[in-house]
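Novice: A structural model of the following input is requested.
(2 chains)
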Amino acid sequence: MPIQFQRTDQGDESTLRIAGSLDVLTAPELMPTIDQLVEEKRPRVTVDLSGLDIIDSSGVAVLVALYKRVRAVGGHVTVAGARDQPLAIFKLLRMDKVFSI
Amino acid sequence: MAARPTIRLTIPGTLEYRAVAVRVVAEACRMVSAPGVERTADGNAYDLRHPFDAEFVSAFAEIFNNIAIHAYQRRAAVDGGEVDIAIAVGAGELDVEIRDHGKPFDIDAVSTPDLDSLPEGGMGIHIARALLDEVIYEPGPPNLWRLHKQLSPSPTTAATTSAGTSA
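Specialist: Below is the predicted model of the structure:
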């Protein structure tokens, strides 16, 4: 199952929609986009996971990296729309509280 | 597990083949959690709506990652390392045995990650242990993983209503 992602900007807010599978194979594809968001010091980043079907620990790791790096340059990260398997994994790893899901 | 119907699969121990194994395990999970129920029309998405399926597949995928990355050190494509998978479907339970000929490791040395520190690694074994009833590892060669899970009468950890969507 491949990954699909898209970044859209509106004012101070960037939305990163991730769909499909975020896993050990697909997570590296996100890195250039994350690098850009950090480099541009985007004030608000919303990660929309409503289209995400499955995630593994590598996928979680890349979201944690996004969260840490955007915050480190003064930005705020919100994760929205997680459901089913990804939501269960976030809860298991207690990321649901960090991401305010 | 000899008395039960067993699905056997041998695939290269590389991440590129992970999806093949995951799909087979996902289908075996469905035989336990929803026997006789037709799958969704969307053939591209894993059908992980049932928590049993989502939890078993999540755990299995982490173990497969571990084998490809750590046991075979991402060299299975070069060295020819394979993974043998035996999936025994039971009434209300699933057992999966996974064998590899990669580097063994000390599973007792794997500690529970400090989740409060927002770790960016070391979560795979924790996920597998948390989601299955039994995760047994016997260092080899061959290294052997035994995964077991009973179908719970009252699912608790994942939503069961929303449909999976295509990637």
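Novice: How about the contacts made by residue B:34?
Specialist: residue B:50 (CB atoms under 8 Å, 6 or more residues apart in numbering or on different chains). C-betas here are computed from N, CA, C, even on glycine.
Novice: and the gap between it and residue B:48?
Specialist: Computed as CB to CB, to the nearest Å, the residue B:34 to residue B:48 distance reads 11 Å.
Novice: With residue B:17 instead?
Specialist: Shown here: residue B:17 relative to residue B:48, a distance of 20 Å by CB to CB.
Novice: Compare the two and say which is more crowded by neighbours.
Specialist: For residue B:17 versus residue B:48, the count of surrounding residues by other CB atoms under 10 Å in any protein chain shown is larger for residue B:48: 24 against 18.
Novice: The more buried one in helix, strand or coil?
Specialist: Applying DSSP: H, G, I helix; E, B strand; the rest coil to residue B:48 yields a three-state assignment of coil.
Novice: State which strand of chain A is the longest.
Specialist: Across chain A, the strand with the greatest residue count (assigned by DSSP state E) is strand A:44-55.
Novice: what sits up against that strand?
Specialist: A:1, A:4, A:12-23, A:37, A:63, A:66, A:70, A:75-86, A:89, A:99, B:45-46, B:48, B:57-58, B:164-165, B:167.
Novice: How about stretch A:65-80?
Specialist: Under the contact criterion CB under 8 Å, 6+ apart, stretch A:65-80 has outside partners A:16, A:30, A:34, A:37-38, A:41-50, A:63, A:98-101, B:118, B:120.
Novice: for stretch B:7-19, same thing?
Specialist: Outside stretch B:7-19, the residues within contact range by CB under 8 Å, 6+ apart are A:1, A:23-25, B:20-21, B:24, B:28, B:61, B:64-65, B:67-69, B:71-72, B:74, B:76-77, B:80-89, B:100, B:102.
Novice: Just to be sure, which of those residues are found in helices?
Specialist: Secondary structure defined by DSSP state H assigns B:20, B:21, B:24, B:28, B:61, B:64, B:65, B:76, B:77 of the contacts of stretch B:7-19 to helices.
Novice: pLDDT score for the spatially most central residue of chain B?
Specialist: Here the mean C-alpha position of chain B is nearest to the C-alpha of residue B:60 (CA atoms, centre = their mean), at a distance of 1.1 Å. Here the pLDDT value assigned to residue B:60 is 98.
Novice: which residues touch it?
Specialist: With contacts defined as CB under 8 Å, 6+ apart, the neighbours of residue B:60 are B:21, B:22, B:25, B:96, B:128, B:147.
Novice: Most widely separated two among those?
Specialist: Farthest-apart pair in those is B:21 and B:128; separation 14.3 Å (CB to CB).
Novice: Return the set of residues that bridge with the residue of chain A found nearest chain B.
Specialist: Scanning chain A for proximity to chain B using CB to the nearest CB identifies residue A:20 as nearest, at 3.1 Å. Counting by DSSP bridges, residue A:20 forms beta bridges with residue A:3, residue A:52.
Novice: hang on, isn't it packed against residue A:27?
Specialist: No: between residue A:20 and residue A:27 there is no contact under CB atoms under 8 Å: 11.7 Å.
Novice: Kindly format the C-alpha coordinates of the lowest-mean-pLDDT helix or strand in chain B as CSV.
Specialist: Taking mean pLDDT, DSSP states H and E as the measure, the helix or strand of chain B with the lowest value is helix B:76-79, at a mean of 90. What follows is helix B:76-79, C-alpha atoms only, in CSV (Å, rounded to 0.1, in the frame of the first residue of the first chain):
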residue,chain,number,x,y,z
ALA,B,76,18.8,-10.1,2.6
ALA,B,77,18.5,-9.0,-1.0
VAL,B,78,22.3,-9.4,-1.4
ASP,B,79,22.8,-12.3,0.9
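Novice: I am finished for the moment; much appreciated.
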